[in-house]
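>>> Mind looking at a prediction? Sequence and model below.
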Amino acid sequence: MFGAIEAGGTKFICGIGTGPENLQTEEIPTAAPDATVEAATAFLRARAGSSLRAVGIASFGPVDLRPGSATYGYITSTPKAGWRQYDLAGAVRKALGVPIGFNTDVNGAALGEARWGAAQGLDDFLYLTVGTGVGGGAMIGGRLLHGLLHPEMGHIRVPHDWANDPYPGNCPYHGDCLEGLASGLCSRRGWEPMPECWGRWCWRSRRSLTPEAANVRTQSIRGSAPEAGSAPKESVGPSADAR
């Protein structure tokens, strides 16, 4: 049996099994580090007992992924209270006495897609997740991509048409990087709710779009191409079933 921990800032999702067909999971609220690890390892121990062979951890970060580092397996400079410079991999290893695999949360998701999901059979692919921020994991030649630190894919620069969309972005470091323009937080700030339209809940853009850009965005979100000469629509933004 193998254990898995998805370590998130609000919850830990713990799993035990050999694959999707016999996976058992449990969610544990993320509290103080030692208490959270104790609850997570107690679940794994109770389900697997002496048959537990190893545990893989996919963690929020920043994390130290350098195997030769004195702080390998640590959550490092996170702003989350109590978790800064915490030896997560070491704490789980000490509690369970089994080998530990350690990586970022997005790399863990990418590995899952490679083994059981949409990336089966691919040696090269990119996994992106969009939430409070934007994160990514890449596999190249069948191996996860690493550098000096984990690649910060959410902070890449993207083409920005300032004339049609003057929104400056909300990234505190780069403004209009990918995360600054496309994250969940950006969406909440960039759109305001309006009454139902086309049978769906829609948003009105707070951005100063040209009428032509607003029409294209509206039609694209509703799933149809704009008709030639069609009048621009005021209501633009994602429908509830497109979020």
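Okay, I see it.
>>> Run through the helices of the protein in chain order.
33-48, 88-96, 105-116, 178-182, 184-190, 211-222 (DSSP state H).
>>> and among these, the most buried is which?
Comparing the helices of the chain by mean neighbour count (mean count of other C-beta atoms under 10 Å), helix 178-182 comes out on top with a mean of 23. No exception for glycine: its C-beta is placed from N, CA and C like everyone else's.
>>> Now do that one: distance to the chain's middle.
13 Å (C-alpha atoms, centre = their mean, to the nearest Å).
>>> so what does it touch, helix or strand wise?
Contact here means 3 or more C-beta pairs under 8 Å, 6 or more residues apart in numbering; DSSP states H and E; on that basis helix 178-182 packs against strand 134-140.
>>> In the sheet, which strands lie alongside the strand it packs on, parallel or antiparallel?
Taking DSSP bridges as the criterion, strand 134-140 sits next to strand 125-130 (antiparallel), strand 143-144 (antiparallel) in its sheet.
>>> possible to save the ones you listed as TSV with distance to Leu181?
Rendered in TSV, the data for those read as follows (distance: least, C-beta to C-beta, whole Å):
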stretch	distance to Leu181
strand 125-130	11
strand 143-144	26
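>>> Out of those strands, flag the one nearest Ala89.
The closest of the strands paired with strand 134-140 to Ala89 is strand 143-144. By C-beta to C-beta, the value is 16.2 Å.
>>> Which strand residues bridge the residue most central in space within the chain?
Taking C-alpha atoms, centre = their mean as the criterion, Thr129 is the residue nearest the geometric centre of the chain, at 4.0 Å. In this structure, Thr129 has beta-bridge partners Gly135, where bridges are defined by DSSP bridges.
>>> measure it to Pro99 for me?
From Thr129 over to Pro99 the distance is 27 Å, taken as C-beta to C-beta, to the nearest Å.
>>> got it, and Val92?
Counting by C-beta to C-beta, the gap between Val92 and Pro99 amounts to 10 Å.
>>> got any residues that touch both of those two?
Shared contacts of Val92 and Pro99, defined by C-beta atoms under 8 Å, 6 or more residues apart in numbering, comprise Val55.
>>> Provide a list of residue ranges in the protein with pLDDT below threshold.
Applying pLDDT under 70 to the predicted model, the residue ranges of the chain that meet it are 188-243.
>>> can you list the domains in it?
Here the domain parsing of the chain from automatic domain parsing is 2-110, 191-242.
>>> pretty sure Gly131 contacts Cys186?
No. The pair formed by Gly131 and Cys186 falls short of the contact definition of C-beta atoms under 8 Å, at 11.1 Å.
>>> returning to what we had before: of the helices of the chain, which approaches Ile57 most closely?
Across the helices of the chain, the minimum distance to Ile57, taken as C-beta to C-beta, is reached by helix 88-96, at 6.0 Å.
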